[in-house]
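Asker: can you look at this prediction? I've put the sequence above it.
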Amino acid sequence: PFIEHISYSDLERLALQRLVPALLSHGFCYVDGLLGELAGSAVLDQVVEMHNSGQLQDGRLAGSIPGVSRRSIRGDKIAWVSGSERGCEAISFLLNLIDRLISVCASRLGDKAIQERSKAMVACYPGNGAGYVKHVDNPNHDGRHLTCIYYLNKNWNPKEHGGVLRIFPESKPYVVDIKPLFDRLLVFWSDRRNPHEVQPSYATRYAITVWYFD
Ligand SMILES: O=C(O)CNC(=O)c1n[nH]c2ccccc2c1=O
Ligand SMILES: [Fe+2]
């Protein structure tokens, strides 16, 4: 039901001229305007509806602080979706597009062909200062090869809202700050090449992540 915002040749060009070179040289790449306003907003609406209907559960509770009751400081809230659930049609459209994009890249990323992907993790940082400490998604070869994060946050201003994703590319003298902007797709190697953190967020921050396995 959505306008085919991006043609296959656009997708192929995006993959070959943007994603593959960036992944091979820097290890990450982000693309803005992936779905366009209409389809992007449809995805956002479905994620907001999941949040409002209590489908997002506590991903991790910042309960590690001694003496502070586990349930006081909330971390991210997540839900795993395949895309076939009712009310996830726009999310399914997004996942299909990312699948097509990555499949064009896969054969040119030199590594073993990318076979499959995880379900989609819909994540919400509730805006109470919670973030995600510096980590590597796949430090010990659990099969995850590429991390793809689609951001859904309109009018996001890091000065006020924080929530920047900071990547610390291994063996590089710089860090990379990425704003979690609406209709932005970020792709990066899931392994030790890309330690990263979500800085404390002071507004509700939505993202959808899929991991591709090799
Ligand atoms: O949202 C972002 O910009 C980056 N986000 C992450 O790196 C990230 N990485 N691993 C997770 C595992 C479980 C629950 C949430 C997460 C998570 O947000
Ligand atoms: Fe991560």
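Answerer: All right, it came through fine. Residues are numbered from 1 along each chain as shown. Ligands and ions are numbered 1, 2, ... in the order given.
Asker: contact partners for the most centrally placed residue in the chain?
Answerer: Note on the chain: the residue nearest the mean C-alpha position is Ile149, at 1.6 Å, using CA atoms, centre = their mean. Taking CB atoms under 8 Å, 6 or more residues apart in numbering, we find Ile149 in contact with 165, 185-187, 207-209. C-beta: built from backbone N, CA, C; applies to glycine.
Asker: from those, which land in helices?
Answerer: For these, membership in helices holds for none, with DSSP state H as the criterion.
Asker: looking at those, which are in strands?
Answerer: Among the contacts of Ile149, the members falling in strands (DSSP state E) are 165, 185-187, 207-209.
Asker: once you drop chain neighbours, what's closest to the closest residue to ligand 1 within the chain?
Answerer: Residue of the chain nearest ligand 1, by CB to the nearest ligand atom: Leu165 (3.6 Å). Among residues not flanking Leu165 along the chain, Ile178 sits closest, at 4.5 Å (CB to CB, 6 or more residues apart in numbering).
Asker: likewise Asp214?
Answerer: Taking CB to CB, 6+ apart, and ignoring the residues beside it in sequence, Asp214 has His145 as its nearest neighbour in space, at 4.0 Å.
Asker: so which strand or helix has the one you found?
Answerer: Element membership for His145, per DSSP states H and E: strand 144-151.
Asker: okay, now the sheet partners of that strand, with direction.
Answerer: Next to strand 144-151 in the sheet, as set by DSSP bridges, lie strand 184-189 (antiparallel), strand 205-213 (antiparallel).
Asker: save those strands as CSV, and put in mean neighbour count, mean pLDDT and distance to Ser9 too.
Answerer: As requested, the strands paired with strand 144-151 are arranged in CSV below (neighbours: other CB atoms under 10 Å; pLDDT from 0 to 100; distance: least, CB to CB, whole Å):
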stretch, mean neighbour count, mean pLDDT, distance to Ser9
strand 184-189, 23, 98, 18
strand 205-213, 22, 97, 22
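Asker: buried ones in whatever helix or strand comes next after the strand holding His145?
Answerer: The element immediately downstream of strand 144-151 (helix or strand, assigned by DSSP H and E) is helix 158-161. Taking 16 or more other CB atoms under 10 Å as the neighbour-count basis, helix 158-161 is seen to contain the buried residues 158, 161.
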